[in-house]
Structure formats: C-alpha cells, structure tokens
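Colleague: below are the sequence and a predicted model; questions follow.
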Amino acid sequence: MTQTTTQSFASALDERPAPARTADAAADPSLLCVKDFSVWYGQFEAVKKISLDLPEQRVTAIIGPSGCGKSTFLNSINRMTDLIPGCRTTGSLTLRGEDVYANAMDVVWLRRRVGMVFQKPNPFPKSVYDNIAYGPRLHGKPRRDLDEIVERSLHEAGIWDETKDRLRQNAMSFSGGQQQRICIARALAVAPDVLLLDEPTSALDPRSTAHVEELIAQLRDQYTIVIVTHNMQQAVRVSDRTAFFYEGRLVEYDTTEKVFTDPAEERTLNYISGRFG
Amino acid sequence: MTTAPSNPLANDRPDPRRPNPAAELARLGRRRLRDQAFYGATLGAIGLAAMFIVVFLGNLIAQGVPALRQAQLQTTVTYSPQTVNDAQLAFPEDVRDLVSRERVREIARQASRVRIQLPVDLDAAAQRRPRAGLTDTTLALDDFPAAFVRLGRITEPVAIPRDAVLRFVGRPGLDDIQRAIDNGQTGTAPLWLWATDALSAYVQFGEGLSETDRALVASLEQARKVEQAFNTLDYGTGVTATEWVLLDDDADQYLKGYDRADPRTYPDPANAPLSLAQADRIDDLLAEGRIRLALNTGFFINGDSNQPEAAGVWPAVWGSVMVLTIVFCLAVPIGVLTSIYLEEFAPDNWLTRTIEVNINNLAAVPSILFGVLGLAALINFIGMPRSSALVGGATLSLMTLPVVIISSRAALRAVPDSIRRAAYAMGATRWQVVTHHVLPLAIPGIMTGSIIGIAQAMGETAPLIIIGLIAFVPDAASSALDPTTVMPAQVFNWWGNSQPAFTERAALMILLLLAVLFVLNGVAVFIRAKFEKQW
C-alpha cells in the first residue's frame, strides 16, 4: 500500500510542468535562513526550534496535520504573528541576511517584501483596481504607473481576462476563486521577494483550485513561494521542496521527490500515506 | 455498584427509542397548545404596546392640533398720545377686554419713544450744523430731585461727555435742533430731543448699551432728563388703523369649543374665565366675521411669553439646535476616537478592562446625575455660564459619550479581522489600516449609534433642569453663552402651567419634538440601509 501511494505521487511528479530554469540555477540558495526558531503563544511553544533554509525562486510546500504549527511558522515569516497578543519568538529568522525579528527591522518594509495570501479570500470591499493599486499607493508608486502595475499584476495572477472590463466593480462581487486570484494579484502588485500562501485553495472549489495551482506553476520562475497546504497532491504538483511539520517540529525537509517517494522518516511516510493526520 | 454495566443490546426489552404513538401524540397536542399560547402572548404584548402608542399619540394629537390655529380679532387700533399712558385705549371699548395682553404691551412700546433733554448751543448749531450744538453736559446737583440729594444717592455732579451725547441723540433729534433754529431760537436752551434706537431699546427693554452709558442713562433718568413720549415721528398726532390682532387665550379656548372655557357650562359661572356677557360678545363678533381662527404662525416664530396666545417655540428650537450641535461636535469625535483606541490599539490588560466596564456602567447612570455633575464640574468649578447652550451641550455630551462609544465599538468590532490582516500584510501601518479600511466600513454603524445617542440627548430634560436650561427665554439666544432653553424643557414649563392654552401648546410641541426624533431615527435607518455590509 505504501508502495502504491508513493507511486501515485511519482506519477504526479512526472506530470507536473518542468520549470523553465535549470535545476541548479544561480539563485541564492538561502534567501530565508531559519535557525533554532521557536514561536510561543504565552507558555505554549507552537513552533519548536526549527532550522531550515529556503532557496530563492523555488516553491516550498509546508505540510503536516492540523495544529502542527505550519501556519504559525508561515505567519511568523512576515511577522503577522505580531498582531496576536502574547505571541513571541526565539531563535533567528533572516531574510537575505537581515534579522526579521531585529529591533531595527521595520515591519512595514518587511511586509512590503514578503507578500501574503490568506486561506479565505479577503479582498477589500473596494473596486478591483483599488484592491490591486492599494499596495503600490501605500508605498508611494506614482499615479501614472498604477494602470500598468494593475494590468501586469492581474496578468500575472491569470485573471486579467476576467477583470479587464470590470476593474471598477467591487471585488466582493466576484466568485471565491476569482477573489483569491485578485488577492494574489494584490500581493504581486508590490513585486515581493517572497510570497506566502496560507492554504490558498482550501476554501475554493476544484476548478478554482486548479486555476490557482496553474498560477503557482507560472509564478515559480519569478517569485520565491512558500505554500502551506493540507492537500498532499497539491504539494506534489506545485512544489520543489517540501517541509513536513509535526507537533511543532520540523520532521523532514527535502526535495519534493525525495519526501514523497523515499521519505527518510517513518512519521513522514505514515503521514503521506494517509495513516494519520 | 456491584453489577457491572450490562450491554443494553443484550437484554430482550423492547428498544426504548421506538415511537409510542398514543402517548407521544397526546403530548404533541399539549405541546401545540403551549406553542399557540406562547404565540398569543407575544401577539398580545405587541397589541398592548401598539394600543398604548395609539392612545398616547391620539391624546396628544387631540390636544395639540387645535393649537395650530389661533383666534384673531379684526379691530381698529388707535395710536394717540393717550396710548402712551394706557395702551388699552388704543382699542375700541367693546373689544378691549378680549385683546391679547401681549398686543397691548406691544402697542405701548410702539406708541412711545424716548426723548432726552439736553442743553443745546443753538448759535453754534445754526452756524455750522445741528451736531455742533451738542456739547459736554454736566448734570448739576440742582438737576436731581431734592430727595435723592438728601439721601446721599447723588453726591457730586455727573459729567456727560460729548461723544456719549452723540450716541444718545439720533438723527431725528438733530432734526429737532434744526426745527428750533428754524423757529428762530437762539442762545443755549434745554431741548427735548428724540433719542437713538439704541437708547430707546435700553430704556424700553433694558437691552444694549455699554456699562458706562448705562450709568449715564441712569443719572439722566434720575434727573428726569429722559422721558417716554408719544411717538409723533411714526404716528404724527395720531393714527387709526384696522388690523387683525391676537385674541386673548380665554376667548381663544372658548372659540375652540372647550367646555372648560365656556361660562354657560362652567360649574361656577362667577369664576369662569369669561363672563356670560363676554361670551355673547364673542359670538356676535364671530357672526359679524370679525373673529377668525387663523394659522398660528406665531407659535413657530415667537419667543416664550406669559400670555399663551403669544407664546412660541423658536428660542427652544434654536436652543435645542445649539445644544445638539455642541453634543455632536464633542461626543462624536471623542467617542469615536476612544472606541478606536479601545478596539484597535489598547492592550488587553486590567486597566483597559476597567475602563470598558466603567463605560458600560456610565451608559446606565440615571441622566439626572449628569446634571449634578454638570452643575458641580462645569458651572461651579470651570465656571461656564449657567443656563447656556454651552453648559447644556457639554453636560449632554457626557451623557451621550458612553452610547457613542458602545455603538462605535460594536461597529468597529463588526469589521472582519480578515480585512485588517489583508491590509497589514500589504505593509499598511496601524493608522492606514484604521483610516483606509476599518473606519470607512464602520462609519454607518458609528453614525447610526451617534444619531440615536443624539436623539436621546434631544429628549433629555432632567439634567438640564439642574443646570438651569429651563429659563424663561423670550428671545432666541444669540450665542452659546447666553441663557437658553430647549424643547423638552419648554414642554415641561408649559405643561406645568395652569392655563389650558399652555397645555394645548405643550402638546403641539411634544408632537413637534416627536416629529424631529422620528426624522432623526429615520436618517439613522436610512444610513444603515444605504451602507449595508459589504463583506
């Protein structure tokens, strides 16, 4: 049974589109370095001393059962955890060598470089145009560039054709899948270094999910993407590397092929083969 | 305890879960009955509430609507020198006792005008122009009645400088000087000159003029150098006009057909407001078409009066507008900022929680206590003017603040966190998250809550009584520092008056107050409907 499961992943691995770049592109091998990093909610240690390096221009999937700390870890990358009272961190998390949790780090500047898309589509109740232009306006992009930024971002998010005639319409009037792609376009509008996707398809129907997955496949060449997902098929389809979290610890972190066909850890194998979680 | 729990599937008793039609259907009948009774009780409650409202409104309408009309009498009005001493003489004898006292007072004011006696250098006036004849004047001790001097009230001469003299003597007064010159008078002579409007207004109504001028006028009055004479400027030797004048309130009530005003049905005719003869005369005048019930415009534009037929609501309406504007300008910004702090910024600690609990408690504090607070803190300690719109607005702001804070917090809390997180994730600062996203989405809720708070403040009377906003105010306040009254306080005043015509007006004013409250609440509902939730 284990054998058949890993084989089905293997076939999925073969089917996925080949990246445009070569596997050993001269990209920064460690855009984001995490060392002995813990996140605490009061006395509870939600993420326990994890260490990993996220390479540039790769899609990294974080998988694991509910409550394993994967979303907490994702939120701590752009310090969204600051919004939770009583949340603190220990250890180090560096983005291009800069300590994210240093006092000198301006959290606005950090979030400008680390975009985020949430589980539930959350466009602002404003027009599509104003949604996409919100980030560029915040960061002082000149008005004459906004039209181009909006069009580019919507193109990249693969939703230009559906929105080009409805740019002035309230974003809330679009379907859930479209809203989620609008949210992705909104995050792309400031060209972040890193794009964090927190279970971006769990609130979407299968067709919209397929849309978003295609989109991630297209974006993998330009952005560094970290995606948290419950769907292991999705992790296989979209990611280059996979991290398996269990009870707040990083159990295994390797290439997606390795994790899904030949996991080093017993617990990983049990999880991906559906024995728990 | 001794037996181990048996497996219910193993015993052979019938499954207790199966339906028992006879018992359960009988029980169902009782359940239905109870359901019906419950429905009936709710229906009865709303019916009772509706009945109260109908009775209440019906009573008010029955009492208040007649006040929309006011009886008037067509009569001749004669402005002649006698009216200065007895204004009643302006009216023909047969209607004298039916005319509103307020109109009589008005005629007394119109028919007379203030004159002032001053020594005038007619030679200088003749050489140049009349103004030149007016000089500095001194009221010697001889000018005052001997009694004043003996009592020591006046101990030294009073000097009146020329600029004050010029302020007292108007253009008609200069014409008086010219007339004296034309008549061939020369030398320096004491002349009676028409006073300016400012001096007239001060002598007649006690309004205007500076402190020093008032002191000078007081001396002139004591020296009998100021008098009220028949206003020949406007009326020559006498003018008779025909006009519609307000009828006295007793006659008005009689015309509206109230038994309480009719001497024929009054239990004790001797003490009735009108005599039988007066009632007959009114009937005759009505038959002649000299009495009519006209639209009571005075009710809306006049000030308060001790004569109900002339009393109006304008100063109270204006006072309410001023007070509510102050409440809006104080309570809404402070309340909204407070709720933003508590909802968006405040750390969750014991201090914040204490503040929250206290705000909720403040909303339940009896409103009269805010009046006591206003009296102690705002009037006695800070020294705001008593009875003013400022102190009323500030006190009602204190009362409205908790309502605004509670409703604003509810509105802010209703904005989903996902929108805040989306904005923070885009790199927005706290200020930007609040002003770009949270506040615009919360505005409808905040406005609804604020309008309801203000509507509540508008109907509030108890605290205002304590800080003196129930003063008798014949003229609308010219600033927020002047004594004023507000609509509910005016109702309170009028309703307590024994004259039925005042009760009638109070009822009409309650309807007016209800109409304004209805409009305010309508605006709140409209805002809520227009800006429906967008997420």
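Modeller: Sure thing, it's come through. In this text, all values refer to a predicted model and were calculated from it rather than measured experimentally. Numbers count the residues shown, from 1 in each chain, chains lettered A, B, ... in the order given.

Colleague: give me the distance between the spatially most central residue of chain B and residue B:60.
Modeller: The structure's chain B has its C-alpha centroid closest to residue B:316; by Cα atoms, centre = their mean the separation is 0.9 Å. Distance, residue B:316 to residue B:60, by Cβ to Cβ, to the nearest Å: 17 Å. Using the backbone N, CA and C atoms, a C-beta is placed for each residue, glycine as well.

Colleague: ok, stretch A:139-158 near chain B or not?
Modeller: Yes. Counting by Cβ under 8 Å from any Cβ of the partner chain, chain B has neighbours in stretch A:139-158: residue A:139.

Colleague: what separates that stretch from the chain centre, distance-wise?
Modeller: 21 Å (Cα atoms, centre = their mean, to the nearest Å).

Colleague: again with stretch B:59-69
Modeller: Its chain's average C-alpha position is 19 Å from that of stretch B:59-69, according to Cα atoms, centre = their mean.

Colleague: could you tell me the end-to-end distance of stretch B:372-383?
Modeller: Taking Cα to Cα, to the nearest Å, stretch B:372-383 runs 14 Å from one end to the other.

Colleague: quick check: mean pLDDT of it?
Modeller: Mean pLDDT, computed over stretch B:372-383, is 90.

Colleague: got it, and stretch A:49-62?
Modeller: Averaging pLDDT along stretch A:49-62 yields 88.

Colleague: could you do stretch A:124-132 as well?
Modeller: Taken as a whole, stretch A:124-132 has a mean pLDDT of 92.

Colleague: ok, now stretch B:233-249?
Modeller: For stretch B:233-249, mean pLDDT rounds to 85.

Colleague: one more: stretch B:99-108?
Modeller: 86.

Colleague: give the buried residues for that stretch.
Modeller: B:99-104, B:107-108 (16 or more other Cβ atoms under 10 Å in any protein chain shown).

Colleague: how far out from the middle of the chain is it?
Modeller: Per Cα atoms, centre = their mean, the centroid offset for stretch B:99-108 relative to its chain is 23 Å.

Colleague: only alpha carbons, please: show it as CSV.
Modeller: The C-alpha atoms that make up stretch B:99-108 are tabulated as CSV, following Å, rounded to 0.1, in the frame of the first residue of the first chain:
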residue,chain,number,x,y,z
VAL,B,99,-57.4,91.5,23.1
SER,B,100,-54.2,89.8,24.0
ARG,B,101,-52.3,91.5,26.8
GLU,B,102,-49.1,90.9,24.7
ARG,B,103,-50.5,93.0,21.8
VAL,B,104,-51.4,95.8,24.4
ARG,B,105,-47.8,95.8,25.7
GLU,B,106,-46.6,95.9,22.1
ILE,B,107,-48.7,99.0,21.3
ALA,B,108,-47.4,100.7,24.4
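
Colleague: ok, residues contacting that stretch?
Modeller: The contact list for stretch B:99-108 (Cβ atoms under 8 Å, 6 or more residues apart in numbering or on different chains) reads B:73, B:75, B:77, B:79, B:83-84, B:87-88, B:90-91, B:245-249, B:305, B:307, B:309-310.

Colleague: for chain B, give me its nearest residue in the stretch 151-277 of chain A.
Modeller: In the stretch 151-277 of chain A, no residue comes nearer to chain B than residue A:172, which is 6.1 Å away by Cβ to the nearest Cβ.

Colleague: which SS class is that residue?
Modeller: Three-state assignment for residue A:172 (DSSP: H, G, I helix; E, B strand; the rest coil): helix.

Colleague: tally of neighbours for the closest residue to it other than its chain neighbours?
Modeller: Excluding its sequence neighbours, the residue lying closest to residue A:172 (Cβ to Cβ, 6 or more residues apart in numbering or on different chains) is residue A:125, at 5.3 Å. Other residues near residue A:125 number 20, with proximity taken as other Cβ atoms under 10 Å in any protein chain shown.

Colleague: do residue A:202 as well
Modeller: Counted with other Cβ under 10 Å, residue A:202 comes out at 14.

Colleague: ok, it - contacts?
Modeller: Contacts of residue A:202 by Cβ under 8 Å, 6+ apart are A:119, A:229-231.

Colleague: quick one: pLDDT of residue A:10?
Modeller: On pLDDT, residue A:10 comes in at 67.

Colleague: is it true that the residue nearest to residue A:172 lies in a helix?
Modeller: No. Residue A:125 is assigned coil when assessed by three-state DSSP, not a helix.

Colleague: tell me the residues of the stretch 201-350 of chain B that contact chain A?
Modeller: Residues of the stretch 201-350 of chain B lying near chain A by Cβ under 8 Å from any Cβ: B:347-348.

Colleague: quick check, residue B:242 in a strand?
Modeller: Yes. Remark: residue B:242 belongs to a strand, assigned using three-state DSSP.

Colleague: give the contact list for it.
Modeller: Residue B:242 neighbours (Cβ under 8 Å, 6+ apart): B:74-77.

Colleague: from those, which is closest to residue B:447?
Modeller: Among the contacts of residue B:242, residue B:74 lies closest to residue B:447 (Cβ to Cβ), at 51.2 Å.

Colleague: and that closest one, which of the three is it?
Modeller: strand.

Colleague: wait, isn't it in contact with residue B:241?
Modeller: No. Look at residue B:74 against residue B:241 with Cβ atoms under 8 Å: they stay out of range, at 11.2 Å.

Colleague: more crowded one of those two?
Modeller: Shown here are residue B:74 and residue B:241; by other Cβ under 10 Å, residue B:74 has more neighbours (15 against 11).

Colleague: would you mind measuring from that one to residue A:52?
Modeller: Between residue B:74 and residue A:52 the distance is 101 Å, computed by Cβ to Cβ.

Colleague: what's the answer for residue A:222, then?
Modeller: Per Cβ to Cβ, residue A:222 is found 22 Å from residue A:52.

Colleague: residue B:264 is in contact with residue B:279, isn't it?
Modeller: Yes. Contact criterion Cβ under 8 Å: residue B:264 and residue B:279 qualify, at 6.9 Å.

Colleague: which of the two has more neighbours?
Modeller: When residue B:264 and residue B:279 are compared for neighbours, residue B:279 comes out ahead with 22 against 12, by other Cβ under 10 Å.
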